[in-house]
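Colleague: Predicted structure and sequence below. I'll ask about it afterward.
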Amino acid sequence: MSADEKGDFISNNHQVQPIQNSLLPIQHNPNDALPSSSNPRRNPRNMQGLLKFLLETTKNEDGTHDSEFSPMDEERKEFLMNVFESMSVNIAEKLTESLKVISQAVNITQQDDPSDCENALEVLTDLVDEVDVANDFMKIGGLQACKPCLYSPHNGIRWRAAQLVGECAQNNPLFQHNAVQLTFLDDLIKLVDTDTDERVRVKALYAISTIMRGNEKAINFFHDIDACHTLMRALQSDSDRLKIKVAFLLSTAFSGDQFLKIQLQKMGFITLLVQLIMEALEGKKITSLEHLLGALISLSKDLPDALEDCRQPNLNFLNILDNIIQTYKDDSACLETVSYASSIKQMVYSYTDVINADR
């Protein structure tokens, strides 16, 4: 991060650079009726609705003949102006308003209604899907305001705050850097390890994944063995959603760090993944199966000791892989799963090993 960027972030003069008005992504309801003579006009709620309205109002025009043009009447002009005004929003204003609301999270007790703060977090999450907006949110103190939200007595605030951090960090090196500097990984890993709400733990893992992606300093955080133990406990939990998130993290963030892969192998991650793959196969949990296989490939590649772990006789892993391939080879929805299983089989078992195993 440049000195100028650091100055912008640390400065107490939290001013957002001017931002152009933008359209809010509002989900379109297919049941919304179009204006007609028998149905009162209803403003389209997004660009698709506006396009549908315009097509409907011009459907009687015949493109093969000359069109008749006439000045727009005042009623239609007013209607279209109202549509565009209702669909646009001042992002800087929304950021500031919502930030003020979530900044009060530290004062919200278990007995208080959390809905205002939850709604503000959702508004912010919708706005920060663009990197520039996420960075503007950070520059006006958004990261500092999110911290207390992660420790709120209301799980609805905690998981929404974790989700907001994850959205901001998505493909955003500047935000990732500052999240690491402000020790967000410590906060998030604690949520994964100790929170009683599954959704909070899943969203915390999501935020960790986006902060770590392509961020060497964030990956180094997991050189601390305690953080790795948290991931192992999450893999051993009863939550399939949590297992999938951990597997995704292992397959995307850790694959390029040989030191970390060796550490995870010594901790028993390879053996655990094989056992979980067997359980997912038996339970026909195809989504879990795919992600667990992907994680195993990433951690075992170019690591002889990991391949040796897979070949432990008591795991009977070759038969498990063959079972996966045979079970799902004709299922078009499971092509990735079969591909992963085939790749692992080729990677782990040489021709000689397969012959000896068959004997």
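Modeller: All right, it came through fine.

Colleague: By mean pLDDT, which helix or strand of this structure comes out lowest?
Modeller: Every helix and strand of the chain was ranked by mean pLDDT, DSSP states H and E. The lowest is strand 22-23, at a mean of 34.

Colleague: For the protein, which residues score under the pLDDT cut-off?
Modeller: 1-70, 83-89, 351-359 (pLDDT under 70).

Colleague: per the record, what domains does it have?
Modeller: The chain breaks down by automatic domain parsing into domains covering 89-223, 226-359.

Colleague: Could you look up the SS state of the residue nearest the centre of the chain?
Modeller: What sits nearest the mean C-alpha location of the chain, by CA atoms, centre = their mean, is Tyr206, with 5.1 Å. Secondary structure state of Tyr206, per DSSP: H, G, I helix; E, B strand; the rest coil, is helix.

Colleague: Which helix or which strand is home to the closest residue to it other than its chain neighbours?
Modeller: Spatially, and ignoring its direct neighbours in sequence, Tyr206 is nearest to Gly166 (4.5 Å; CB to CB, 6 or more residues apart in numbering). C-betas here are computed from N, CA, C, even on glycine. Applying DSSP states H and E as the criterion places Gly166 in helix 155-169.

Colleague: Flag every buried residue along that helix.
Modeller: Buried residues in helix 155-169, counting neighbours by 16 or more other CB atoms under 10 Å, are found at 156-169.

Colleague: Please apply the same query to stretch 302-320.
Modeller: Leu303, Ala306, Leu307, Asp309, Cys310, Leu315, Phe317, Leu318, Ile320.

Colleague: Which pair in those has the greatest spatial separation?
Modeller: Leu303 and Ile320 (19.6 Å; CB to CB).

Colleague: roughly how far out does the helix or strand in which Gln326 is found sit from the chain middle?
Modeller: Assigned by DSSP H and E, Gln326 belongs to helix 317-328. Helix 317-328 sits 30 Å away from the centroid of its parent chain (CA atoms, centre = their mean, to the nearest Å).

Colleague: Run the chain-centre distance for the helix or strand just after that helix.
Modeller: Per DSSP H and E, helix 317-328 leads on to helix 335-348 as the next helix or strand towards the C-terminus. Using CA atoms, centre = their mean, the distance from the centre of helix 335-348 to the centre of the chain it belongs to is 26 Å.

Colleague: Touching helix 335-348 from outside, list them.
Modeller: Contact with helix 335-348 is made by 286, 289-290, 293-294, 296-297, 300-301, 307, 310-311, 317-318, 321-322, 324-325, 328-329, as judged by CB atoms under 8 Å, 6 or more residues apart in numbering.
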